[in-house]
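Asker: attaching a predicted model along with its sequence, questions to come.
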Amino acid sequence: MRKTLLSISFVALAACLGTAQAQQSGSVSKAVGGYSFEDAAKESAGTKDFHSADGHLTFAIVTHTAGNGFFDPVYVGATVAGNMIGAKILLLGSESPTDDPAREIEILNQIIQDPSIDGLILTTPQVGAYDDIVKAAEKNGIPVATTNSFDGGIYNRLGLSHTGQDASAAAIAGNALVKCLLDNGVEKGSIIFPSDTAMGNIEVNNRVSSAYNATVAGLKAAGKLENFKVDAGPESVGVPADMNDPVNSIIGLIEQRGDVVGAFAGNNVFTPALVKAIAQLKMGGKICSYGFDLGPAQQEGIKAGDLTGALGQQPFLQGFWPVMQLYLQIDRGISAANLDTRAQLVTKDSVGNVGKRFEN
């Protein structure tokens, strides 16, 4: 009798526990509308035969300089996305190590006529030069996405997704600069933002302004602003420097001020120049210095201690997301959605990770 009661008790307990676990799991088996999530998650039957009708998707990504390594992680990101969705990705671009939009446009004019192409991704460094490409793609029924450089006035801008870094990401460097000063116990001095605005590069101007504003805000929050002379020029877009002789320009600024404790450079011209200037003046570790992009000069500068940190554009995302966005447009009918890739701050502690798999 006792064994029977015990058995009944265990059965009852197990039933209660089972009911409680089921109630607590929160699992949902189907949508409120009645369909199953498993079925809804399947790829549309016609997706693989979109446009080219050859049984698989083919996307082309074309950049304006494949010869200097910056776009290597972009191509990797596009390849990873292609592998995930079973799409073929054509990696194309100018062979030049410097910006070459003319060659890019030549490639685009060729590829847009390829009947096997189901989607097109392109960089747009030359504002106003890509309208005919987009129009031809639209006529051929090929969706387009832009990446990296931004053309705000491109044909059908609101209908095209864009993946790239907003200039406001430079605030990350401004915050880091302030933290560097505070961590090092620096109580006063000059902070300079050398740049050249002669070309009217709005993107670089906005980067400098964002970094400058973040630096001012950070020092103010720390109650230290009045101790420092933060100089980004009269319009907050940079202290005028010579783009044709950036190293000597920065050396001149540092020597003239005599008390420079912090610096920020907003592009791939002035950041390597800042590295060289600090190295020549043997001021590595004495100036909290930050810049943009993660090319060889930046990486070596960080390793040597002549550059405290640099911001990468996270270009892997600039290849990965456009591929996924085009796929979502084709398979799900999702409207073009933009992605701000923000920035990754790389310092001496993390620069060793920059490379084949983690290059950002």
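Answerer: Cool, the structure landed.

Asker: so, low pLDDT: which residues of the stretch 51-200 of the chain?
Answerer: Applying pLDDT under 70 to the stretch 51-200 of the chain picks out residues 197-200.

Asker: where do the helices of it begin and end?
Answerer: Here the stretch 51-200 of the chain has its helices, by DSSP state H, counting those that start in this stretch, at 72-85, 101-111, 131-139, 171-183.

Asker: centre of the chain to the last one, how far?
Answerer: It refers to helix 171-183. 20 Å (Cα atoms, centre = their mean, to the nearest Å).

Asker: show residues contacting it.
Answerer: 191, 210-215, 217-219, 222, 224, 228, 261-262, 264, 288, 290-292, 308-309, 311, 342-343, 345, 347 (Cβ atoms under 8 Å, 6 or more residues apart in numbering). All C-beta spots, glycine's among them, are computed from the backbone N, C-alpha and C.

Asker: can you pull the buried residues of that helix?
Answerer: Buried residues in helix 171-183, defined by neighbour count with 16 or more other Cβ atoms under 10 Å: 171, 172, 173, 174, 175, 176, 177, 178, 180, 181.

Asker: ok, the longest one next?
Answerer: Buried positions in helix 72-85, judged by neighbour count with 16+ other Cβ under 10 Å: 72, 73, 74, 75, 76, 77, 78, 79, 81, 82, 85.

Asker: give me the contacts around it.
Answerer: 57, 59, 61, 63, 66, 87-89, 91, 121, 147-148, 315-324, 327, 359-360.

Asker: which of the helices of the stretch 51-200 of the chain sits closest to residue 355?
Answerer: Ranking the helices of the stretch 51-200 of the chain by proximity to residue 355 (Cβ to Cβ) places helix 72-85 first, at 9.7 Å.

Asker: let me see the domain layout of the chain.
Answerer: Under the assignment automatic domain parsing, the domains of the chain span 47-164+314-342, 168-312.

Asker: quick check: which of these is nearest to residue 351?
Answerer: domain 168-312 (4.6 Å).

Asker: end-to-end on the closest one?
Answerer: Start to finish, the residues bounding domain 168-312 are 13 Å apart (Cα to Cα, to the nearest Å).

Asker: next one: stretch 326-345
Answerer: 29 Å.

Asker: what mean pLDDT does it get?
Answerer: What stretch 326-345 shows for mean pLDDT is 96.

Asker: list the buried residues in it.
Answerer: So stretch 326-345, judged by 16+ other Cβ under 10 Å, has buried residues 326, 327, 328, 329, 330, 331, 336, 339, 341, 343, 344, 345.
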